[in-house]
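Participant: model the structure of this input:
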Amino acid sequence: MNAELLKDLVTMKMPYGKYKGVVLCNLPEPYLVWYHSKGFPSGKLGMLLHTIYEIKLNGLEHLLKPLMK
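Facilitator: Residues are numbered from 1 along each chain as shown. Sure thing, here's the model as predicted:
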């Protein structure tokens with residue numbers, strides 16, 4: 001896993017929609033499940049959303065805690 005990718009998950013904010021302004025790692029799991037069923041957007045945002053979806057799905061959120069400040 002790329003360290004820069006993990007840093008983006010704890011710093012980048014959702015740029016649009018219902019959760020605009022929420023840091024990606026703080027997005028609620030049901031929202032990520034919805035995106036998974038509809039399809040993630042293309043590009044870096046989609047990759048980050050898919051990554052945080054997988055992290056939450058597998059209960060690995062604790063891996064991000066040291067990066068949050």
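Participant: burial of K13, as a residue count?
Facilitator: For K13, the count of nearby residues is 12 (other C-beta atoms under 10 Å). Placement of C-beta: from N, CA and C, glycine included.
Participant: which strand residues bridge it?
Facilitator: Note on K13: beta-bridge partners by DSSP bridges are V23.
Participant: which SS class is the nearest residue to E29 once chain neighbours are set aside?
Facilitator: Closest residue in space to E29, ignoring its immediate chain neighbours: K56 at 5.1 Å, by C-beta to C-beta, 6 or more residues apart in numbering. Assigned by DSSP: H, G, I helix; E, B strand; the rest coil, the conformation of K56 is helix.
Participant: what's the weakest-modelled helix or strand in this protein?
Facilitator: Taking mean pLDDT, DSSP states H and E as the measure, the helix or strand of the chain with the lowest value is helix 3-11, at a mean of 91.
Participant: ok so, going back, my guess is the residue nearest to E29 contacts L32. True?
Facilitator: Yes: contact criterion C-beta atoms under 8 Å: K56 and L32 qualify, at 6.3 Å.
Participant: which one's more surrounded, these two?
Facilitator: Using other C-beta under 10 Å, the more surrounded residue of K56 and L32 is L32, with 20 against 17.
Participant: torsion angles phi and psi at the more buried one?
Facilitator: With angles defined as degrees, to the nearest 10, L32 sits at phi -70, psi -40.
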